[in-house]
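**Q** Fold the stuff below for me.
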Amino acid sequence: MGAIKILMGHTAPLVCVLPHPDSKRIVTGSHDSTIRIWDLDSGECLKILQGHTGKIRTVTLHPDGNRLISASEDNTFKIWDMDSGACLGSINMISKTWLVDDSLISPDGNFLISWHNLSPKIRFWDLKSFECAKTLGGHTNGIREVVLHPDNKRLISWVQFEEDDSVRIWHINSGACLQALDKHITSVEGINLFPDGRRLAVWNRDPDYDDKSPPDDPVGLVWDIDANKTMFRVEGHKDLIYNISPCADGDRVISIGSDGSVIIWDGQTGDKIRDLRFDGLRLATIHPDGKRLVVWKEASAIEIWDIKSGECHHVLKHPNKLEWYDFVPHSNDHILVSCCDAHELYVWDIDEGKLLHILTGYPVDYYNCFSLHPDGQHVLSCGGDIRLWDLKTGACLDIMDAHKDRISGYLLHPDGTRVISWSDNTIVAWKLDI
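**A** Numbering: from 1, shown residues only. Next up is the predicted model:
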């Protein structure tokens, strides 16, 4: 077994675990109102950050790697120096409830940008003076989400179900509203900014929808941010649109409806490439090769469809209720791993439609989940313990069972060398031998 360090010191359940980019430290926040910085090699607590009077809700690492920003149910943000452990300043939130403000850090690192679903304004807080330096106003209701554009010069905000000012695009430096989409779509249900930064998908719901009767035909659109116009409209779904997203190749767009409809579009012209309808649809995703559609259908089956021909090539049947699936990265993307409620992982070759391995061994009263290792050769599963598996052979390579209580959560360190898990107030750092 790889080296294990048990990190103890918090006196209440953990709510966040944050790996530091140096791969040597992690940061944890807890309901005990403290934040702790840990050395992963020694297991030592390097600093305890105290000053909040309410439960910690989130902790964010500043881009400089040496400051932390915490949000607490005491309705404050606090900014901390990681080396000294000193609190550099405090910012009062908009919210006066346990639902803390959402936030992100500006691309230049100089501002904390905050918003709340009870306020129509976006605020920029100066991280040196800790004063409000700028306020973006224009929405007429509480803001659901703010998204940073990849060019680091613009923000996109949206208000759910609002008839006016539903989606706005802002210039960060000037604070000017560059575009408002309320003339094009209202009653917004969701948005998705594509990785190219040029296209923004927006979809709506019938404003009179009451969850008892189907809505009037909902619509979506793909908006060209650079040209400030609609590229094409997404129409044809007969019930709520779940999502509109780009395929991996960027040339096609997929939209999914709650009526079981899956429509594939030309991502530039808006022409319909394929319109498919499924009974009992749970999820549909485009395979990374861009040629296949993977459909989670009913409770226990995954279907592999050829997009060009519209034919189903394989049906992956599970003996128990399916919980989730994911593709193995890199050259092994023909391998799919799925998870069942019988606490088993299934490893499939979707080129052949063949079951390769069943990974099992957990008691039935434990929830099972999994994470694919970035090397494309291994998978981690979490149930009563955490196990490392070889995808090629199906062999269990290692078991980490250092927790005394039920595991609350875990994460694979971004560098792939460690697993960090926690149960209540105890953290375990497990170094992988692969």
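
**Q** In PDB, please show the C-alpha coordinates belonging to the lowest-mean-pLDDT helix or strand in the chain.
**A** In the chain, no helix or strand scores lower on mean pLDDT, DSSP states H and E than strand 322-327, which sits at a mean of 85. Provided in PDB are the C-alpha atoms of strand 322-327 (Å, rounded to 0.1, in the frame of the first residue of the first chain):
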ATOM      1  CA  LEU A 322     -27.300   2.200 -13.500                       C
ATOM      2  CA  GLU A 323     -25.900   5.200 -11.500                       C
ATOM      3  CA  TRP A 324     -23.300   6.800 -13.800                       C
ATOM      4  CA  TYR A 325     -20.800   6.300 -16.600                       C
ATOM      5  CA  ASP A 326     -17.700   8.000 -18.000                       C
ATOM      6  CA  PHE A 327     -15.200   7.500 -20.800                       C
END
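
**Q** Neighbouring strands of it in the sheet, and parallel or not?
**A** Its sheet considered, strand 322-327 pairs with strand 335-340 (antiparallel) by DSSP bridges.

**Q** now the strands for the stretch 51-200 of the chain?
**A** Remark: strands assigned in the stretch 51-200 of the chain by DSSP state E, counting those that start in this stretch are 56-61, 67-72, 76-81, 87-92, 102-105, 111-115, 122-126, 132-136, 145-148, 154-158, 167-171, 177-180, 188-193, 199-204.

**Q** elements contacting the third one?
**A** This points to strand 76-81. strand 67-72, strand 87-92, strand 111-115 (3 or more Cβ pairs under 8 Å, 6 or more residues apart in numbering; DSSP states H and E). Backbone N, C-alpha and C define where each C-beta goes, glycine included.

**Q** Can you pull out the residues in contact with the least confident helix or strand of the chain?
**A** Residues outside strand 322-327 that contact it (Cβ atoms under 8 Å, 6 or more residues apart in numbering): 282, 287-288, 294, 296, 299-302, 333, 335-341, 368-370, 372.

**Q** Show me what counts as buried in it.
**A** Neighbour counts over strand 322-327 (16 or more other Cβ atoms under 10 Å) mark 322, 323, 325, 327 as buried.

**Q** of those, closest to residue 106?
**A** residue 327 (33.9 Å; Cβ to Cβ).

**Q** what's the spacing between that closest one and residue 416?
**A** Per Cβ to Cβ, to the nearest Å, residue 327 is found 17 Å from residue 416.

**Q** what do you get for residue 118?
**A** Counting by Cβ to Cβ - residue 118 and residue 416 are separated by 40 Å.

**Q** just how off-centre is stretch 284-299 within its chain?
**A** In terms of Cα atoms, centre = their mean, to the nearest Å, the centre of stretch 284-299 is set 19 Å apart from its chain centre.

**Q** Just the mean pLDDT for that stretch, thanks.
**A** Across stretch 284-299, the average pLDDT comes to 86.

**Q** Next, the distance between the ends of that stretch.
**A** Using Cα to Cα, to the nearest Å, the end-to-end distance of stretch 284-299 comes to 14 Å.

**Q** go on, stretch 290-303?
**A** End to end - Cα to Cα - stretch 290-303 spans 15 Å.

**Q** still on that earlier bit, please name whichever of the strands of the stretch 51-200 of the chain is nearest to residue 249.
**A** Going by Cβ to Cβ, the one of the strands of the stretch 51-200 of the chain nearest residue 249 is strand 199-204, 13.7 Å.

**Q** Isn't residue 422 up against residue 408?
**A** Yes - with contacts counted by Cβ atoms under 8 Å, residue 422 reaches residue 408, the gap being 5.5 Å.

**Q** Neighbour count for these two, which is higher?
**A** Neighbour totals were compared for residue 422 and residue 408, and residue 422 leads with 25 against 16 (other Cβ atoms under 10 Å).

**Q** ok, what's across the strand from the closest residue to the more buried one other than its chain neighbours?
**A** Leaving aside its chain neighbours, residue 422 sits nearest to residue 14 (4.9 Å; criterion: Cβ to Cβ, 6 or more residues apart in numbering). Counting by DSSP bridges, residue 14 forms beta bridges with residue 30.
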